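Colleague: okay, structure incoming, though there's no sequence with it:
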């Protein structure tokens, strides 16, 4: 079988049905990779460093010899790792950093063993160039807004069931957006990994809904070009009574570790103010969770209003509809009815 070099678009298409193997070092893979790729390192982090130093100091051929010494002892293990994945129709996709020696070496081995091998032209570097280009494209976006506790994420997931495309920014970022949004959740991905996942979501959905967010979600940032596009998209704001939103927030956060809640409250103390900070923390210590969140929810409402007032084009993009409940099924119907009326 011949090893085939393919473009990023063909690579993305084939990745939906065939496994991707990233042959860069574990450290490179851990920082960021093609979403869904399996780590299949040719070299360890230390071995990569040694080969790279050899290349710079002595040249290509000595570096290849050093690399072959590492590679030779790993061939059997590499083949067995691929076998465990059980590639569909024996087709595998390979990428390294630039589509050079590392991917060529493992592609040769897997081709020799009988796999049909496709190598990404330009490697992960080419993929990253493609990723950044996605944030410059034009998209048909509708934005769902609402005060904290309006169950916007749940409403988006519900309208998705009606074959409406959505992009869940908080899901991709693994963070719910506020100072409290990371409590109980896994560690966020790196900025680069977040961008990789986001770019593939954008590529799959040229027209979609997403939730109104600040540019920063936890420790991550929505790329600036995309952020500007989102800020100019139609904003559909759902108004829900404070009491309903408070009940929702209590259900979401009320049983979380109190010390974590206090830490999060402390992080916003400069904007929350000394009196409200002290009062909210004392309520948390006394297990008066509802009273604490009444203060905190009021704070986030003020922050949202302040941010809305700063948006220069808000009068041109804002459409508001109301609901007396956070029930996502009911609000789905109200949203669709509202869209039909305008």
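Modeller: Arrived safely. These figures come from a predicted structure and were not determined experimentally.

Colleague: got the domain boundaries for the protein?
Modeller: Taking automatic domain parsing as the reference, the chain has its domains at 4-131, 139-341.

Colleague: tabulate these (a markdown table), appending mean pLDDT and mean neighbour count.
Modeller: All C-beta atoms are positioned from the backbone trio N, CA, C, and that covers glycine. Formatted as a markdown table, these follow (pLDDT from 0 to 100; neighbours: other C-beta atoms under 10 Å):
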| stretch | mean pLDDT | mean neighbour count |
| --- | --- | --- |
| domain 4-131 | 94 | 17 |
| domain 139-341 | 94 | 17 |
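
Colleague: pretty sure residue 303 is in a helix, no?
Modeller: Yes. Under DSSP: H, G, I helix; E, B strand; the rest coil, residue 303 falls within a helix.

Colleague: list the contacts for it?
Modeller: Neighbour list for residue 303: residue 271 [criterion: C-beta atoms under 8 Å, 6 or more residues apart in numbering].

Colleague: wait, residue 131 sits on residue 197?
Modeller: No. Residue 131 is beyond contact range of residue 197, at 9.5 Å (criterion: C-beta atoms under 8 Å).

Colleague: so what does residue 203 look like in phi/psi?
Modeller: phi -60, psi -30 (degrees, to the nearest 10).

Colleague: in contact with it: list those residues for me.
Modeller: Here residue 203 is in contact with 12, 134 (criterion: C-beta under 8 Å, 6+ apart).

Colleague: so how far is residue 127 from it?
Modeller: Noted for residue 203: a distance of 12 Å to residue 127, by C-beta to C-beta, to the nearest Å.

Colleague: do residue 279 as well
Modeller: Distance from residue 279 to residue 127, by C-beta to C-beta: 50 Å.

Colleague: repeat that for residue 22.
Modeller: 10 Å.

Colleague: need the overlap of contacts for these two.
Modeller: Here residue 22 and residue 127 share the contacting residues 34, 95, scored by C-beta under 8 Å, 6+ apart.

Colleague: off-centre distance for whatever helix or strand residue 93 lives in?
Modeller: Using DSSP states H and E, residue 93 maps to strand 91-95. Remark: strand 91-95 is offset 23 Å from the chain centroid, using C-alpha atoms, centre = their mean, to the nearest Å.

Colleague: direction included, what does it pair against?
Modeller: strand 20-22 (parallel), strand 116-120 (parallel) (DSSP bridges).

Colleague: for the first one, give me every contacting residue.
Modeller: The reference is to strand 20-22. 11, 28-29, 33-34, 36-40, 82, 92-96, 106, 124.

Colleague: can you map out the strands along the protein?
Modeller: 4-6, 20-22, 38-39, 91-95, 116-120, 140-145, 207-211, 216-217, 220-221, 235-239, 318-322 (DSSP state E).

Colleague: can you put the ones you listed in CSV and add distance to residue 47?
Modeller: Below are the strands of the chain laid out as CSV (distance: least, C-beta to C-beta, whole Å):
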stretch, distance to residue 47
strand 4-6, 25
strand 20-22, 16
strand 38-39, 15
strand 91-95, 18
strand 116-120, 21
strand 140-145, 45
strand 207-211, 42
strand 216-217, 36
strand 220-221, 31
strand 235-239, 51
strand 318-322, 56
